[in-house]
Structures are given as structure tokens and as C-alpha cells.
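Undergrad: Provided below are the primary sequence and the corresponding predicted coordinates.
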Amino acid sequence: MKPGRLILMPNTLDFGVDDTLDLREVLPRRVIETAARLTHWAAENAKTTRSLLKRVDAIAPLAQPLQAVQIAELPRPPKGGRAGGDDSAAWQALLAPALAGHDLGLISEAGLPAVADPGARLVALAHEAGVEVVPLSGPSSLLLALAASGLNGQSFAFVGYLPVDAAARTARIRELEAMSARQQQTQLLIETPYRNEALRQAMLAALKPATRLSISVGLTLPGGWTQTATVADWRANRTTLPDRIPAVFALLA
């Protein structure tokens, strides 16, 4: 039997903050129509995937009732960074629908799946199994923030989350600043929304005054914004970041 395909399905960037947003404002029609016809999904969170499919259904009717759509959740990493057992079988099981001939949608909580996202492991397994991988276009907060920053878009690196420990976080910020200065490379970071302001304060305390810092908040959402300034200017700015809306940070020394 010919296997199905693994469809990399982009999601909105609202994290459920504004589910009144018309999907057609951020997702191409092809993406919405593809989501409507898929009956098998691999997702970080089944509940939020169902919420998205309800919004899809209002535009393009689902191929079958939402209750009949099969949504399997990605294996969760052990809490607290503890080593867990071998979860290879659980990951392999996610590919079963594709190996049985069904197209399988992979979706992240926000943005493009497998980019700053655990779904990358499923994509790797699909390649190993000979399952075709089809990425669909949609919003990526990282690239949108980079484009809006005015920083170096020719050389950049996504470095993910910083350490939670204050001393380790400060050391990492200074390390990234030094690397940026040497290579003239933009460094992109993210944080859990409730720690947005804590990260901003940590960066302002650790970075040199002339380093440029760009912060993007709620991109593609009503009221979303990007602001780029030197660290010295940011220190004089009384902006406080929201604690429920995702933000992307970028620096260039």
C-alpha cells in the first residue's frame, strides 16, 4: 500500500488569545481547505487542535464530523528535565495512519510545525520511513519578527529559550552578544509569555548600551507590534510586556 503524506500544517500565532480572528487573515485558503479534509492528526495538544478545526469548519466544512477526526498527541518530555524511558515506540505509532495510506497532519501550538517545536522528531521519522513530507506556507513568528526588526536578515540564528537561573541567563545573554558582535549575526530568542518582562529586564541589564534590541509582540494579532532600539533607549522606555501574548526577542551587537 502506498503510504500517505505527512502534511506540515501551519497554525495561527494567537495561542487561543484571540480565537475570533478570521483564519483567512493569516492562513492561505489552501491551508484551510487541506485542514478541512484531513482526518488524522499528530498534535501537541488535542484540545487546541479541535478548537482550530472548529474555526476551519466555519470556513471550509470538515470532511467528517469533528468527533470522528483522530488526533494523537505527541509524547511529552519528562517534567523537570529528568531522564525518561524510551519513547521511540510512541513516536513511531504516530506515523501509523500515514503508513496505512492516510494523509497525516502535523500541527504545532502556533506557527510552523517542526520549527522550534518537538514535531521535528516526527518529520525525521517520516523521512526514515519513506513517507513524503509536505510543508504548507503559513506564519512563523521568528521570520516575521526578523523581517520587522531591521536587524541583519542575511545572517541570523535562532537560539531558543535561555536558562531560567539568573546567573546562567546573564552569562548566556553576554555570550550571544559577543557572538553577534564577532559575526554581525542577529540572535533570535523566545520565552514563555509569563516570563516576557523578566527576559526583557535581564537583557537590558546584561547587554551593552549600543547593542540593538528588537521585540515583537502578538504578530498577526490585532494590536501586534515590533519595536527596535538601542539598549540605552530601551532602558529609558517604560514599556511593560504582556504576560499572555507571545513575544520574540532579537539582538544585534
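TA: Looks like it arrived, so ask away.

Undergrad: Using PDB, list the CA coordinates for the longest helix seen in the chain.
TA: Longest helix in the chain, counting residues (DSSP state H): helix 166-183. Only the C-alpha atoms of helix 166-183 are listed here, as PDB (Å, rounded to 0.1, in the frame of the first residue of the first chain):
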ATOM      1  CA  ALA A 166      19.500  34.300  36.700                       C
ATOM      2  CA  ALA A 167      23.300  33.900  36.600                       C
ATOM      3  CA  ALA A 168      23.300  31.400  33.800                       C
ATOM      4  CA  ARG A 169      20.800  33.500  31.900                       C
ATOM      5  CA  THR A 170      23.100  36.600  32.200                       C
ATOM      6  CA  ALA A 171      26.100  34.600  31.100                       C
ATOM      7  CA  ARG A 172      24.200  33.300  28.000                       C
ATOM      8  CA  ILE A 173      23.000  36.800  27.000                       C
ATOM      9  CA  ARG A 174      26.500  38.100  27.100                       C
ATOM     10  CA  GLU A 175      27.800  35.100  25.200                       C
ATOM     11  CA  LEU A 176      25.200  35.700  22.500                       C
ATOM     12  CA  GLU A 177      26.000  39.400  22.400                       C
ATOM     13  CA  ALA A 178      29.700  38.600  21.900                       C
ATOM     14  CA  MET A 179      28.900  36.200  19.100                       C
ATOM     15  CA  SER A 180      26.700  38.700  17.400                       C
ATOM     16  CA  ALA A 181      29.500  41.300  17.500                       C
ATOM     17  CA  ARG A 182      32.000  38.900  16.100                       C
ATOM     18  CA  GLN A 183      29.800  37.600  13.300                       C
END
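
Undergrad: Go through that helix and flag the buried ones.
TA: 169-170, 172-173, 176-177, 180 (16 or more other CB atoms under 10 Å). (C-beta placed from N, C-alpha, C; glycine too.)

Undergrad: Could you list every helix and strand that that helix packs against?
TA: On a contact count with 3 or more CB pairs under 8 Å, 6 or more residues apart in numbering; DSSP states H and E, helix 166-183 meets strand 186-190, helix 196-206, strand 247-252.

Undergrad: For Arg235, which of these is the nearest?
TA: Smallest distance to Arg235 across these (CB to CB): 5.5 Å, for helix 196-206.

Undergrad: Other residues contacting the closest one?
TA: Residues outside helix 196-206 that contact it (CB atoms under 8 Å, 6 or more residues apart in numbering) are 162, 166, 169-170, 173-174, 177, 189, 191, 213, 215, 217, 231, 234-235, 240-243, 245, 247, 249, 251.

Undergrad: quick one: that helix to strand 186-190, angle?
TA: 140 degrees (axes from the mean of the first three to the mean of the last three CA atoms, to 10 degrees).

Undergrad: What average pLDDT does helix 196-206 get?
TA: Helix 196-206 carries an average pLDDT of 96.

Undergrad: Buried residues in that helix, which are they?
TA: 196-200, 202-204, 206.

Undergrad: ok, these vs Gln184, which is closest?
TA: Ranked by distance to Gln184 (CB to CB), the buried residues of helix 196-206 are led by Met203 at 18.7 Å.

Undergrad: Would you map the strands across this protein?
TA: 5-9, 40-43, 70-73, 104-107, 132-135, 156-160, 186-190, 212-217, 225-230, 247-252 (DSSP state E).

Undergrad: Provide the contact partners of the second one at residue level.
TA: Counting by CB under 8 Å, 6+ apart, the neighbours of strand 40-43 from elsewhere in the structure are 4, 49, 69-74, 94, 97-98, 102-107, 119, 122.

Undergrad: again, 10 Å this time
TA: For strand 40-43, contacts defined as CB atoms under 10 Å, 6 or more residues apart in numbering pick out 4, 6-7, 9, 11, 35, 49-50, 52-53, 69-74, 91, 93-98, 100, 102-109, 113, 119, 122.

Undergrad: Poorly predicted segments of the chain, please.
TA: Applying pLDDT under 70 to the chain flags the ranges 16-19, 77-85.
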